[in-house]
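**Q** 3D model of this:
(one chain, ligands or ions: 2)
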Amino acid sequence: MIESRCGILCDKCEYQEKMGCGGCVHIDKPFWGDSCPVKSCCEGKGLEHCGKCDDFPCELLNQFAYDKEHGDNGKRIEQCRKWA
Ligand code: SF4
Ligand code: SF4
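**A** Ligands and ions are numbered 1, 2, ... in the order given. Below is the predicted model:
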């Protein structure tokens with residue numbers, strides 16, 4: 001069972017409880033904004049998660065995964081590889 005489009009594991013996320021986030025696979029838009037470019041891209045391609053994409057891991061996903069403030073040092077990319 002996948003938990004997100006980008007490889008984030010929701011059960012390890014502090015916002016699940018704090019924000020009542022159901023995980024981006026189950027909601028139309030993320031709690032933190034109108035849209036997530038990764039979610040939109042992935043769903044626009046009709047893919048379950050980024051690991052199934054021919055362009056994986058793309059520049060956009062890398063930017064998110066290695067963001068200094070919000071990234072996880074690439075963990076989500078590894079997770080996508082496991083799901084794939
Ligand atoms: S960053 Fe985007 S794709 Fe990743 S879990 Fe959040 S909403 Fe989903
Ligand atoms: S790996 Fe990049 S191009 Fe592929 S679905 Fe994810 S965000 Fe889109």
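
**Q** how deep is the residue nearest to Pro37 when sequence neighbours are not counted tucked in, by neighbour count?
**A** With sequence-adjacent residues excluded and distances taken as Cβ to Cβ, 6 or more residues apart in numbering, Pro37 is closest to Leu60, at 6.0 Å. Glycine gets a C-beta too; all of them are placed from N, C-alpha and C. When counting by other Cβ atoms under 10 Å, one arrives at 15 neighbours for Leu60.

**Q** so Leu60 touches Cys36, yeah?
**A** No. Contact status for Leu60 versus Cys36: not in contact, 10.3 Å apart, counting by Cβ atoms under 8 Å.

**Q** shared neighbours, those two?
**A** Residues touching both Leu60 and Cys36 (Cβ atoms under 8 Å, 6 or more residues apart in numbering): there are none.

**Q** got the contact list for Asn62?
**A** The neighbours of Asn62, taking Cβ under 8 Å, 6+ apart as the test, are 74, 77.

**Q** how about it, phi and psi?
**A** The phi and psi torsions at Asn62 (degrees, to the nearest 10) take the values phi -60, psi -40.

**Q** ok, now Gly23?
**A** Dihedral pair for Gly23: phi 90, psi 140, per degrees, to the nearest 10.

**Q** ok, it to ligand 2 distance?
**A** Using Cβ to the nearest ligand atom, to the nearest Å, we find Gly23 at a distance of 16 Å from ligand 2.

**Q** quick one, grab the pLDDT at that residue.
**A** Listed pLDDT for Gly23 reads 91.

**Q** list the contacts of it.
**A** 3-4, 10, 16.

**Q** same check, this time on Lys45
**A** Contact analysis of Lys45 by Cβ under 8 Å, 6+ apart lists Cys53.

**Q** flag every residue of this protein that's near ligand 1.
**A** 4-6, 8, 24, 30, 36, 38-39, 64 (Cβ under 6 Å from any ligand atom).

**Q** much appreciated, bye for now.
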